[in-house]
Every structure is written in structure tokens, then in C-alpha cells.
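Student: Using only what follows, build the 3D model:
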Amino acid sequence: MFQLAEIRHMVRIPPWLFGQTLNDAVIEELNRKLANKVVLNVGLCIALFDVTSLGDSYIFPGDGASHTRVTFRYVVFRPFMEEILEGVIKAADADGMHVSLGFYDDVYIRRDSMMTNSRYDETERSWVWDYKIEDDLHHLYMDIGERIRFRVVAEQFTDTTPAGPNLAEGENTVADRKDGKVPYIIYGAINDQGLGLVSWWTSNSAGQEEEEEMEEVEVGETS
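Tutor: Numbering: from 1, shown residues only. Below is the predicted model of the structure:
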């Protein structure tokens with residue numbers, strides 16, 4: 001889930017930080033600029049791990065700040081493909097589900113990545129897995145607020161550098177975010193054993209344990 005990314009960057013140190021050591025000033029500027037932000041094709045920056053090298057510092061004409069070439073390592077959030085994660089269902093529509101990890105919200109499970117016989121219930125505004133056991137059909141609802149386990153199957157980075165006037169009001173909806181207006185999107189799948197609502201498999205495991213205990217008791221009584 002978390003990785004160490006090595007990055008090289010020209011760090012601008014403003015004049016009011018000249019009273020600090022160069023290393024301390026670089027650390028302050030790197031955290032101010034990167035913490036809780038997405039770097040294209042790198043991931044969501046969490047915290048600075050260390051500074052591995054500091055190059056020469058330069059002052060350019062017309063700018064009173066110093067500029068230093070820095071190589072550093074940053075802790076980033078970027079799950080690897082096929083990694084299993086757990087989150088909470090935040091929203092749902094006919095295209096799929098929006099999942100939150102608590103510290104990161106741009107996770108989506110598309111309709112083609114769900115179990116066979118899954119459908120969207122317009123009335124309940126949630127997805128349902130119609131699970132059939134022999135002649136019995138069970139409707140397993142995936143309600144908002146439920147914990148869900150999924151497999152990471154894809155990621156999408158988007159350059160969101162401003163290129164024009166501010167977005168019009170109403171363009172920050174969930175549907176718009178799925179269209180690529182966020183810098184980093186994770187796509188998950190739940191079409192496999194052990195995936196889906198955590199409660200499904202927790203209950204199943206508890207039931208199996210009870211059956212095993214009953215079998216042990218019966219064996220003990222007959223012996």
C-alpha cells in the first residue's frame with residue numbers, strides 16, 4: 001500500500017528561511033509543497049522519509065530565493081496491482097460504487113468488476129448480489145457505510161495542472177470525478193472468493209467454526 005519513492009527536485013528556499021540550516025529549510029519546503037498531494041505517476045505523498053543528497057544552491061536574477069537541487073525519498077500511497085484492500089462504501093449509482101479508505105476517497109468499483117448476478121437497486125440506491133445456493137436465492141445488499149474488501153485492478157493518473165478559468169459550479173460531483181478530474185484514481189474488483197462485504201465472509205467463517213466444534217463434540221461423545 002505504501003512505498004518509498006525517490007524524487008529529484010529543484011527546491012526553492014525563500015529568504016525568510018535563510019536563518020535555518022539548509023537541510024531544515026529543504027525539509028520544511030518539501031513537506032509544505034508535497035504532503036497530502038498527488039505527484040503525477042508517483043502517488044499520494046504522505047511524509048518525507050529522508051533527504052539523500054543536497055546539490056549546489058543558486059540565486060537567479062530577479063528572484064531573492066535560493067534554488068537547490070535535492071534528491072530525497074518520500075513515503076507515498078500507491079497500492080500495487082492485485083493488492084487486497086478494505087474500505088467503506090461511500091456512494092453508489094448504476095455505474096458502480098465509490099469507496100473510501102478513510103484517508104483517501106477516490107476508489108471506484110465498476111459494475112463490470114462485481115460478482116456475476118449483481119444488479120443496482122434504484123429504490124435502495126445500492127448494489128445487490130443475487131447469490132443462489134441450490135434452490136434458495138439470497139439477496140445480499142451492499143449498503144452505504146458497509147465495509148468492503150476489494151482487489152486493486154487498475155489506477156489512473158491525470159495531470160490536473162490548471163489550464164484555464166475556474167471550473168463552473170457543479171463540476172465537483174462524484175460522476176465528474178470518475179471522468180478523470182482528480183489526479184489519482186484507484187479501481188477495484190470484488191468478483192472473487194473472499195471479496196465483497198467483510199460481513200459476508202466473517203459470518204461464514206464463524207459458521208464454519210461452529211460446525212467444526214459440533215463435529216469435535218460428536219466425535220468425543222461417540223468415542
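Student: Gly64 against Pro15, yeah?
Tutor: Yes: contact criterion CB atoms under 8 Å: Gly64 and Pro15 qualify, at 5.1 Å. Where you see a C-beta, it was placed from the backbone N, CA and C, and this is true even at glycine.
Student: is it true that Trp201 touches Asp192?
Tutor: No: here Trp201 lies out of contact with Asp192, judged by CB under 8 Å, at a distance of 11.5 Å.
Student: can you pull the buried residues of the strand ranked longest in the chain?
Tutor: For the chain, the longest strand by residue count, based on DSSP state E, is strand 43-58. Within strand 43-58, the residues scored as buried using 16 or more other CB atoms under 10 Å are 43-46, 48, 51.
Student: show me where this structure has strands.
Tutor: Using DSSP E, strands in the chain cover 2-13, 38-39, 43-58, 66-77, 84-93, 96-100, 107-110, 118-121, 126-133, 136-142, 147-157, 184-189, 196-197.
Student: how far off strand 43-58 does the first one point, in degrees?
Tutor: An angle of 40 degrees separates the directions of strand 2-13 and strand 43-58 when computed by axes from the mean of the first three to the mean of the last three CA atoms, to 10 degrees.
Student: so how far is strand 2-13 off the chain centroid?
Tutor: Distance of strand 2-13 from the chain centroid (CA atoms, centre = their mean, to the nearest Å) equals 21 Å.
Student: so where's the chain uncertain?
Tutor: Scanning the chain for pLDDT under 70 picks out the ranges 162-180, 203-223.
Student: Contacts only, for Met10.
Tutor: Going by CB atoms under 8 Å, 6 or more residues apart in numbering, Met10 touches 67-70.
Student: distance of it from Glu29?
Tutor: With distances taken as CB to CB, to the nearest Å, Met10 is found 11 Å from Glu29.
Student: And stretch 100-108, what's buried?
Tutor: When burial is assessed from 16+ other CB under 10 Å, stretch 100-108 yields the following buried residues: 101, 104-108.
Student: With respect to Asp95, which of those residues is nearest?
Tutor: Of all the buried residues of stretch 100-108, the one with the least separation from Asp95 (CB to CB) is Tyr108, at 8.5 Å.
Student: The closest one against Gly188, yeah?
Tutor: Yes: counting by CB under 8 Å, Gly188 is a contact partner of Tyr108 at 7.2 Å.
Student: Great, nothing more from me.
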